[in-house]
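**Q** predicted structure and sequence below. I'll ask about it afterward.
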Amino acid sequence: MNNFHFTKIIASVSPILAKETVLSKIINLVDVFSITLSHGYDDNNKKYIDTLMKLNNSKTIILETRGNNVRVKNTDDIDIEQGQDIIIDYSEYTQESDKKIYVDYSHLGELSIWDKITFEQSQAVAKVKAVKEDYVECEIIRAEKKKVFIYDRVTLPHNEEETEFISDQDKKDILRGLEYNAHIIALAACNSAAHLEDCKNFLSDHSYESVKVFAKIETESWFSHLEEIANIADGIILSVDMIQAFEDEKVLEQWINLLREKGIPVLVTYNKKQGTLDYPLTDIKTIEKICKTGTDGIMIETLIDEDSIFDFIDQLGKNIEKYETSLQSKEIGSLQNYENEMRDYIICNAYRVTRELDIKAIVCFTEHGYSAAKIASLNPKVPIITFTKENSTYRFLNLIRGVKWYKISQSFDYESLKRIGKEMIRIIFKGNISLDDKILIIQTNEDESDEKKGMNGIELYNFKNI
């Protein structure tokens with residue numbers, strides 16, 4: 001099955017590479033693209049989106065907010081030890097040094113002695129000992145990982161208790177991005193339900209209530225807020241450090257299963273070391289761990305080397321293929337979250353059929369994406385081919401493991417959808433399907449108040465009889 005992979009690939013391509021010649025090389029290897037608002041929404045971002053939509057307007061585009069945007073600006077990780085003295089200096093641009101930590105915060109001279117500076121992903125804390133005009137002399141009082149990571153977010157006394165999570169600049173940039181065809185919002189450094197609520201309320205106030213909001217988790221504090229975040233977030237993005245922090249893979253699987261059973265995709269994001277061609281994603285063991293724990297997608301950040309992009313993504317796809325089918329399907333009845341008895345009963349029975357019979361593919365008609373996400377959380381070994389009439393659902397489905405998505409018009413009836421489904425199966429399998437191969441079709445009422453006409457259940461066909 002050469003035209004389908006289960007684990008999604010999300011690429012964050014720098015706006016400086018918004019070239020048709022570059023993007024055309026990788027457009028068919030990448031499921032979702034993202035842009036960051038770290039430098040605001042500008043003409044480069046618009047050009048990026050315009051080029052992507054020109055090449056393939058079915059692609060989903062994620063717009064990532066700044067969040068707390070004070071960052072480490074060193075070109076490489078800095079080794080540190082508890083009790084060590086070190087200078088933290090201001091720099092707008094990246095600097096090569098292993099003697100100083102550079103951050104893009106121009107008000108260091110306004111800090112006070114005893115103030116604490118926290119490096120979030122590095123789990124390091126520095127205490128201010130002396131304040132100079134534009135730098136501070138500090139003592140490392142916590143060094144959990146013995147390093148300060150490049151690009152790490154920096155929390156300073158001025159912003160650690162901010163109540164307004166979305167800045168005015170982020171709000172302006174979000175509206176511009178959505179106006180120019182971005183589809184999903186990723187909240188950077190999100191660690192509470194309040195952050196998500198602020199964003200969703202803002203979107204609703206501007207008539208974008210259907211836009212999905214993902215929580216990008218970059219600190220360990222999220223674990224204490226997981227349940228409340230899961231009740232509001234449409235998706236979760238974890239850093240690779242969060243994944244690697246779980247020494248017990250069973251515990252990690254439990255967290256991810258909890259989220260996916262709620263219909264919440266879980267993505268893992270990586271950063272590339274600046275000035276090198278080395279990504280952690282080339283680590284086969286890490287890819288194997290991600291695939292086996294059932295995450296929906298791998299998100300590559302900071303693609304800046306034009307010459308290596310295609311080869312890297314192509315190799316990543318091949319590495320994923322080695323392990324993604326090793327993910328164990330769940331036992332029947334293992335779903336823990338039942339929100340609607342009839343709907344979930346149909347979904348469980350559809351999954352049971354895939355375990356008991358040799359099914360080639362699942363065809364699923366969905367309005368909100370719930371049915372597709374619920375089936376996907378059970379890790380079936382076959383592709384889930386989904387159709388929806390809702391544009392926001394259409395873009396969202398592209399982020400769910402094992403799902404191939406298609407948009408249909410409001411006028412299509414059930415019989416028309418089956419015929420389209422047959423043609424899409426033929427395309428996905430590149431004709432490598434026999435007339436007697438079995439296809440499972442599922443449709444459920446995703447709202448209890450629905451009184452839709454047509455099928456509400458499952459049907460089993462030989463491919464020739466659809």
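**A** Cool, the structure landed.
**Q** where does pLDDT dip in the stretch 151-300 of the chain?
**A** 158-165, 219-224, 241-249, 271-283 (pLDDT under 70).
**Q** need the strands for it, in chain order.
**A** Applying DSSP state E, counting those that start in this stretch to the stretch 151-300 of the chain gives strands spanning 154-155, 184-187, 212-217, 235-239, 266-270, 297-303.
**Q** which among the ones you listed is found nearest to Thr286?
**A** Nearest of the strands of the stretch 151-300 of the chain to Thr286, taken as Cβ to Cβ: strand 266-270 at 8.8 Å. Any C-beta I mention is one placed from the backbone N, CA and C, and that applies to glycine too.
**Q** tell me the strands beside that closest one, with direction?
**A** Strand pairing for strand 266-270, determined by DSSP bridges: strand 235-239 (parallel), strand 297-303 (parallel).
**Q** reformat the strands of the stretch 151-300 of the chain as a markdown table; add distance to Leu52 and mean neighbour count.
**A** Output for those, formatted as a markdown table (distance: least, Cβ to Cβ, whole Å; neighbours: other Cβ atoms under 10 Å):
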| stretch | distance to Leu52 | mean neighbour count |
| --- | --- | --- |
| strand 154-155 | 32 | 21 |
| strand 184-187 | 14 | 25 |
| strand 212-217 | 18 | 24 |
| strand 235-239 | 20 | 25 |
| strand 266-270 | 19 | 24 |
| strand 297-303 | 13 | 22 |
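**Q** closest to His206 out of the ones you listed?
**A** Closest among those, using Cβ to Cβ: strand 184-187, at 11.9 Å.
**Q** I figured Glu81 hits Ala143, correct?
**A** Yes: if you go by Cβ atoms under 8 Å, Glu81 and Ala143 touch, sitting 5.8 Å apart.
**Q** who's more crowded, those two?
**A** Ala143 (20 against 9; other Cβ atoms under 10 Å).
**Q** pairing partners for that one in the sheet, please.
**A** Bridge pairing for Ala143 (DSSP bridges) gives the partners Ala124.
**Q** distance from the chain centre to stretch 418-430, please.
**A** Stretch 418-430 has its C-alpha centroid displaced from the chain centroid by 27 Å (Cα atoms, centre = their mean, to the nearest Å).
**Q** got the buried residues for that stretch?
**A** Using 16 or more other Cβ atoms under 10 Å as the test for burial, stretch 418-430 gives 418, 421-422, 424-425, 428-429.
**Q** what's the answer for stretch 70-79, then?
**A** For stretch 70-79, a neighbour-count test (16+ other Cβ under 10 Å) marks 70-78 as buried.
**Q** sorry, back to before: to Phe412, which of the strands of the stretch 151-300 of the chain lies closest?
**A** strand 212-217 (23.4 Å).
**Q** show me the helices in the stretch 301-450 of the chain, by range?
**A** Under the criterion DSSP state H, counting those that start in this stretch, helices of the stretch 301-450 of the chain are mapped to 309-323, 341-356, 370-376, 391-397, 414-428.
**Q** on that earlier part again, and the buried residues of stretch 70-79, which is closest to Ile184?
**A** Ile184 lies nearest to Arg71 out of the buried residues of stretch 70-79, by Cβ to Cβ, at 22.9 Å.
**Q** how close does that closest one get to Ile287?
**A** 26 Å (Cβ to Cβ, to the nearest Å).
**Q** for Ser409, give me its contacts.
**A** Neighbouring residues of Ser409 by Cβ atoms under 8 Å, 6 or more residues apart in numbering: Lys389.
**Q** distance between the ends of stretch 85-100?
**A** This stretch, stretch 85-100, spans 10 Å end to end (Cα to Cα, to the nearest Å).
**Q** buried set for it?
**A** So, applying 16+ other Cβ under 10 Å, buried residues of stretch 85-100: 86-91, 94.
**Q** where does pLDDT dip in the stretch 301-450 of the chain?
**A** Filtered on pLDDT under 70, the stretch 301-450 of the chain yields the residue ranges 302-305, 326-328, 330-340, 446-450.
**Q** rerun at 80
**A** 301-309, 324-343, 412-417, 430-431, 445-450 (pLDDT under 80).
**Q** okay, helices next: where are they in the stretch 151-300 of the chain?
**A** Under DSSP H, counting those that start in this stretch, the stretch 151-300 of the chain gives helices at 168-179, 193-205, 226-230, 240-244, 249-261, 284-293.
**Q** tell me the contacts of the nearest residue to Ser58 once chain neighbours are set aside?
**A** Counting by Cβ to Cβ, 6 or more residues apart in numbering, Lys407 is the residue found nearest to Ser58 once chain neighbours are left out, at 7.5 Å. The contact partners of Lys407, by Cβ under 8 Å, 6+ apart, come to 58, 387-389, 391, 394.
**Q** could you rerun that using 7 Å?
**A** Lys407 makes contact with 388, 391, 394 under the criterion Cβ atoms under 7 Å, 6 or more residues apart in numbering.
**Q** tell me what the most centrally placed residue in the chain is bridged to.
**A** Nearest to the mean C-alpha position of the chain, counting by Cα atoms, centre = their mean, stands Leu267 at 3.8 Å. Beta-bridge pairing for Leu267 (DSSP bridges): Ile237, Gly297.
**Q** thought it was touching Ile10?
**A** Yes: counting by Cβ atoms under 7 Å, Ile10 is a contact partner of Leu267 at 6.4 Å.
**Q** now do the shared contacts for these two.
**A** With Cβ under 7 Å, 6+ apart as the test, Leu267 and Ile10 both reach 297, 299.
**Q** would JSON lines of the strands of the stretch 151-300 of the chain with distance to Asn319 be doable?
**A** As requested, these are exported to JSON lines (distance: least, Cβ to Cβ, whole Å):
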{"stretch": "strand 154-155", "distance to Asn319": "33"}
{"stretch": "strand 184-187", "distance to Asn319": "24"}
{"stretch": "strand 212-217", "distance to Asn319": "24"}
{"stretch": "strand 235-239", "distance to Asn319": "19"}
{"stretch": "strand 266-270", "distance to Asn319": "13"}
{"stretch": "strand 297-303", "distance to Asn319": "10"}
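**Q** out of those, which comes closest to Tyr48?
**A** Closest among the strands of the stretch 151-300 of the chain, using Cβ to Cβ: strand 297-303, at 11.7 Å.
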